[in-house]
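Enquirer: Sequence first, predicted coordinates after that:
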Amino acid sequence: MNISNPEKDDEIILLNNDNEVTTTISSSSIRDKHKMKTYLQGFKILAYLKDRVNDDQKLKFDLKDVFNEVCAYAKNTIETYDKWVHNHCEAQVWQRFYDLGKHKDHWAKEVVNITHTWEAKTNIVLCEKKISHFTSAYFDANNIIIQNTRELSATVIANRAHNLMLDYIKEATKGLSKTSINRIRHASIEKDEWDALKAFEDVASEQQKIYAKTFCKPALKAYQKKKKNFDLVAAHISYDIVPKILPQDYVFNLPMDENSLSSEQVQENKVNIHKLSRDFRLKATELYLKIVKEEFEFQKERLEKLLEDSPQDSNEMLPLTQTVNDEEPFDDDDEVNINNNDEVNINNNDEEILTQKPRTPKRRRKKFEATQTVIRKTDKSKVFHLGKVDDYKVKAQIYMTKTKAYQVFGTTNPLEFLVERTNNFLYGLWCNKHITQKQYEKLKVRKDEAELAHLYFLPKAYKPGKPLKPIMSGLKSPTIAISRWLDGTLRPLFNRLASDTTITNGVQLIKQVESWSAKYLTPTTSFVTIDVTGLYTMIPQERGITAIKRLIEASNFETNRWR
């Protein structure tokens, strides 16, 4: 008999049949006992050993005189065997995660959810720590098991007891083994999905990517959600488990006065109430299964329809316009002003080829390649410039030789080195707490998204000699995120300090001139405009950094505001 002590709510008093106090148990210890895994309880393992001995006559004969010793061994080592199996499974799982990430360049989401990064260096450190921890715990448990087996009276008994414990633990932890296999399989499936996505992005057009992201991706998520729900409900019903969405109590408690009814009537009414409850349960479950099945089939048909409507060939997605040299669209039906370079000699055959109207953008590009002709959008105008490839090469080489700020890599590609160097630099800043984890995640470089910064030119058709305007494209360079972050940090400071000497638009210019002319304008005043060429290449990086430091020091700008 259990009685709670009113003065001590955390104690339970146990009384025997004669109302004598036998013992007092702390309720907290009972709660801790409930947290214990059921298969680790002593009576469970003892019942298992008795059943095994009774079913196997040879085993019964071998353990006839030492059964109590084996039972004591089992009770003392059951938790150690459990730790041994769990740590062994965890070590295998994390070893597979490590191999998958290091050798196949894919990190499982389970790893990324812990580190919050796809950075290989961080994830490798985590996996190595996990493997070391679980392997060490596994060997510690193994040493304890070996030490306990040596205390048994005979080697044969030790082997028998060890095999019995392994059989029991493996039987009790089938779910653990299945879960570990599913975790490894799930990581492999994630890699296959990632590879399939990369293959799709390599062959798909830009329009196909937009179609897949806008329409197919949400439909696929909805389909997966409904399929999971349908499979779960169907599994519950197959095992006669009431789905969680339905009320668990199907018993109708209708008021009935048994004193006013005969025993036959009472029994008949109870049977009818029970039948009504059972029928409601069956019909509600069948209806719910029908609903989730229809939802699943609807999403499946919707996804299949979207996939059918998706163009199979990227050419089907292309309009009649096509970008030329990654510039603005060039349509066949539009009349485009072409400013021919006076220095380029085009013979009659070339002129005839160029003046023919191509049937497709692809054929037009082939004709340009055949005549070694380049068509470019001009700087500060809406016309196109037609020139020869050799002429562009000569002018570009002259500019690069003059500035000495650019380098031709040829067949070498330093992108991987730049990405690794940038990420290592950011990782060092993060480790030394110069930047936050959020900033590190924002600034780090993704190898699959980065591109080398490259130089290209736009002709200045309005100037004599048709000079080329250099354009440095670095929108996907490894350092673009750092550059944008620095610009966002320093821009407000610069705008505040240079507000009196900076003009951002024509309206502000007029106001400044009016205000200035009231005091300083004279008949001999001259207005001068200055065109700076090669501004970025003429400023040394070291002097630029020094100027920024002086700017920060002069403005008393707190560096901790950068974080």
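Expert: Sure, I can see it. Just so it is clear, the structure is predicted and the values come from calculations on it, not from any experiment. Numbering: from 1, shown residues only.
Enquirer: OK, contacts around the nearest residue to residue 389 once chain neighbours are set aside?
Expert: Of all residues not flanking residue 389 in the chain, residue 372 sits nearest, at 4.6 Å (Cβ to Cβ, 6 or more residues apart in numbering). In short, each C-beta sits where N, CA and C put it, glycine included. Residue 372 makes contact with 388-390 under the criterion Cβ atoms under 8 Å, 6 or more residues apart in numbering.
Enquirer: Distance-wise, check the closest residue to residue 473 other than its chain neighbours relative to residue 484.
Expert: Excluding the flanking residues, the one nearest residue 473 by Cβ to Cβ, 6+ apart is residue 454, at 5.5 Å. Separation of residue 454 from residue 484 (Cβ to Cβ, to the nearest Å) stands at 18 Å.
Enquirer: repeat for residue 193
Expert: 31 Å.
Enquirer: and what of residue 276?
Expert: 69 Å.
Enquirer: can you check residue 148 too?
Expert: Distance of residue 148 to residue 484, computed by Cβ to Cβ: 62 Å.
Enquirer: Let me know the average pLDDT across the strand or helix carrying residue 132.
Expert: Take DSSP states H and E as the rule and residue 132 turns out to sit in helix 120-150. Taken as a whole, helix 120-150 carries a mean pLDDT of 89.
Enquirer: Just the buried residues of it, please?
Expert: For helix 120-150, a neighbour-count test (16 or more other Cβ atoms under 10 Å) marks 122-124, 126-127, 130-131, 134-135, 137-138, 141-142, 144-145, 148-149 as buried.
Enquirer: ditto for stretch 278-290
Expert: Buried, per 16+ other Cβ under 10 Å, within stretch 278-290: 284-285, 288-289.
Enquirer: Same question for stretch 302-310.
Expert: For stretch 302-310, by 16+ other Cβ under 10 Å, it's 303, 306.
Enquirer: And for stretch 434-450?
Expert: Neighbour-count burial for stretch 434-450 flags 435, 439-440, 443-445, 450 (criterion: 16+ other Cβ under 10 Å).
Enquirer: what's the answer for stretch 451-458, then?
Expert: Those would be 453, 455-458, for stretch 451-458 by 16+ other Cβ under 10 Å.
Enquirer: Could you do stretch 228-235 as well?
Expert: Buried residues in stretch 228-235, counting neighbours by 16+ other Cβ under 10 Å, are found at 229-230, 233.
Enquirer: again, but for stretch 529-542
Expert: For stretch 529-542, a neighbour-count test (16+ other Cβ under 10 Å) marks residue 537 as buried.
Enquirer: how far out from the middle of the chain is that stretch?
Expert: When distances are taken as Cα atoms, centre = their mean, to the nearest Å, stretch 529-542 is centred 42 Å away from the chain's centroid.
Enquirer: how long is that stretch end to end?
Expert: Terminal residues of stretch 529-542 are spaced 28 Å apart (Cα to Cα, to the nearest Å).
Enquirer: That one - what's its average pLDDT?
Expert: For stretch 529-542, the mean pLDDT works out to 78.
Enquirer: ok, residues contacting it?
Expert: Under Cβ under 8 Å, 6+ apart, the answer for stretch 529-542 is 403, 405, 470, 472.
Enquirer: Report pLDDT for the last one.
Expert: To tie it back to what came earlier, the one meant is residue 472. In this model, residue 472 carries a pLDDT of 81.
Enquirer: That one - nearest residue in space that isn't next to it in sequence?
Expert: Spatial nearest neighbour of residue 472, excluding adjacent residues (Cβ to Cβ, 6+ apart): residue 455 at 5.7 Å.
Enquirer: Distance check, the one you found against residue 529.
Expert: Distance from residue 455 to residue 529, by Cβ to Cβ: 27 Å.
Enquirer: And residue 47, by the same measure?
Expert: Distance, residue 47 to residue 529, using Cβ to Cβ: 98 Å.
Enquirer: coming back round to it: quick check: phi and psi at the residue nearest to residue 473.
Expert: phi -140, psi 160 (degrees, to the nearest 10).
Enquirer: contacting residues for it?
Expert: Each residue near residue 454 by Cβ under 8 Å, 6+ apart is listed here: 472-474.
Enquirer: Using a markdown table, lay out those together with secondary structure and distance to residue 306.
Expert: As requested, these are exported to a markdown table (DSSP: H, G, I helix; E, B strand; the rest coil; distance: Cβ to Cβ, whole Å):
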| residue | secondary structure | distance to residue 306 |
| --- | --- | --- |
| 472 | strand | 41 |
| 473 | strand | 35 |
| 474 | coil | 37 |
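Enquirer: Which ones among the buried residues of stretch 434-450 map onto helices?
Expert: Counting by DSSP state H, the buried residues of stretch 434-450 place 439-440, 443 in helices.
Enquirer: Show the contacting residues for residue 230.
Expert: With Cβ under 8 Å, 6+ apart, residue 230 has these contacts: 292-293, 295-296.
Enquirer: try 7 Å this time
Expert: Residues near residue 230 by Cβ atoms under 7 Å, 6 or more residues apart in numbering: 292-293, 296.
Enquirer: burial count for residue 369?
Expert: Residue 369: 11 surrounding residues under other Cβ atoms under 10 Å.
Enquirer: Return the distance of it relative to residue 408.
Expert: 21 Å.
Enquirer: Present the buried residues of stretch 451-458 as a markdown table; the columns should include pLDDT.
Expert: Below are these laid out as a markdown table (pLDDT from 0 to 100):
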| residue | pLDDT |
| --- | --- |
| 453 | 85 |
| 455 | 83 |
| 456 | 81 |
| 457 | 81 |
| 458 | 81 |
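Enquirer: what helices or strands is the host helix or strand of residue 395 leaning on?
Expert: Assigned by DSSP H and E, residue 395 falls within helix 389-403. Judged by 3 or more Cβ pairs under 7 Å, 6 or more residues apart in numbering; DSSP states H and E, the packing partners of helix 389-403 are strand 468-473.
Enquirer: now with 10 Å?
Expert: strand 373-377, strand 454-459, strand 468-473, helix 535-538 (3 or more Cβ pairs under 10 Å, 6 or more residues apart in numbering; DSSP states H and E).
Enquirer: Check which residues of that helix are buried.
Expert: 391-392, 395-396, 399-400.
Enquirer: Closest to residue 98 out of those?
Expert: residue 400 (45.8 Å; Cβ to Cβ).
Enquirer: Please name the nearest non-neighbouring residue to that closest one.
Expert: Residue 400 sits nearest to residue 406 (Cβ to Cβ, 6+ apart), 4.9 Å away.
Enquirer: Tell me how far that neighbour lies from residue 476.
Expert: Distance from residue 406 to residue 476, by Cβ to Cβ: 18 Å.
Enquirer: How about residue 422?
Expert: From residue 422 to residue 476 the distance is 13 Å (Cβ to Cβ).
Enquirer: Please enumerate the helices of the stretch 51-200 of the chain.
Expert: 57-62, 67-104, 109-115, 120-150, 155-172, 174-203 (DSSP state H, counting those that start in this stretch).
Enquirer: Go through those and name the closest to residue 224.
Expert: Nearest of the helices of the stretch 51-200 of the chain (Cβ to Cβ): helix 174-203, 11.9 Å.
Enquirer: Perfect, I'm done here.
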